[in-house]
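> Sequence and computational prediction follow.
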Amino acid sequence: GNSVTQMEGPVTLSEEAFLTINCTYTATGYPSLFWYVQYPGEGLQLLLKATKADDKGSNKGFEATYRKETTSFHLEKGSVQVSDSAVYFCALRDTGRRALTFGSGTRLQVQP
Amino acid sequence: NAGVTQTPKFRVLKTGQSMTLLCAQDMNHEYMYWYRQDPGMGLRLIHYSVGEGTTAKGEVPDGYNVSRLKKQNFLLGLESAAPSQTSVYFCASTTPGALNTEAFFGQGTRLTVV
């Protein structure tokens, strides 16, 4: 079956630090890959996505590249802000039931 | 445009009680999902629906039932609540078509079973 593995958190960074959150996946087909973000007390929002190998998704300074050879979709940001503090979920959708399969989430805390 | 709305936002139940969580979307989406979120486990799929009148089991369906009588609504029922069902429940919806189509989430229902 499908699965998504994320690095465990929490991740604590100082403002303007570089961020990497690792994500690897297992899928039977050719899934689309996503990063969703959950701010405190809210539902999940799409942050970025990629559809095929070597695609790069980007949004709000965050980037992730679909690496089929390493089955990875690591999230990066060059300079984090306090407002980026949230829980980040890596997810995939395959050709089966079209439901998202999520990783366990990584909590990011950015300190001023 | 409200998007996906979940009712209620918070609820405390006693073991053995029943309740229904309502999810309503105004985006004319075909697909709807119920997930539960537990610490360290991400979101796990409970049940889903690919259209009005259809439902299917997800990864963790035991103890839950669902109904999709109207396209815009997806109901999640707990017939006899157990403490293991204490969780945050999220509803989501999306359209068929490309795999990279965005799913839209409600704000969640925090359920505590005592």
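Perfect, I can see it now. Numbers count the residues shown, from 1 in each chain, chains lettered A, B, ... in the order given.

> so where do the strands sit in chain A?
Secondary structure of chain A (DSSP state E): strands at A:3-6, A:11-14, A:19-21, A:23-26, A:32-38, A:44-50, A:56-59, A:62-65, A:75-77, A:86-93, A:100-102, A:106-111.

> and the second one, what other elements does it pack with?
When you say that, I think you mean strand A:11-14. The contact analysis (3 or more C-beta pairs under 8 Å, 6 or more residues apart in numbering or on different chains; DSSP states H and E) places strand A:11-14 against strand A:19-21, strand A:106-111. For the C-beta atoms, the positions are set from N, CA and C on the backbone; glycine is no exception.

> The residue lying closest to A:Asp84 once chain neighbours are set aside and A:Phe18: what is the separation?
Spatial nearest neighbour of A:Asp84, excluding adjacent residues (C-beta to C-beta, 6 or more residues apart in numbering or on different chains): A:Val110 at 5.5 Å. A:Val110 sits at a distance of 12 Å from A:Phe18 (criterion: C-beta to C-beta, to the nearest Å).

> cool, and B:Lys9?
The gap separating B:Lys9 from A:Phe18 is 36 Å, by C-beta to C-beta.

> what bridges to the residue nearest to the spatial centre of chain B?
In chain B, the centroid-proximal residue (C-alpha atoms, centre = their mean) is B:Trp34; its distance is 2.7 Å. Residues in a beta bridge with B:Trp34, per DSSP bridges, are B:His47, B:Cys91.

> same deal with B:Phe104?
B:Phe104 has these beta-bridge partners by DSSP bridges: B:Ser93.
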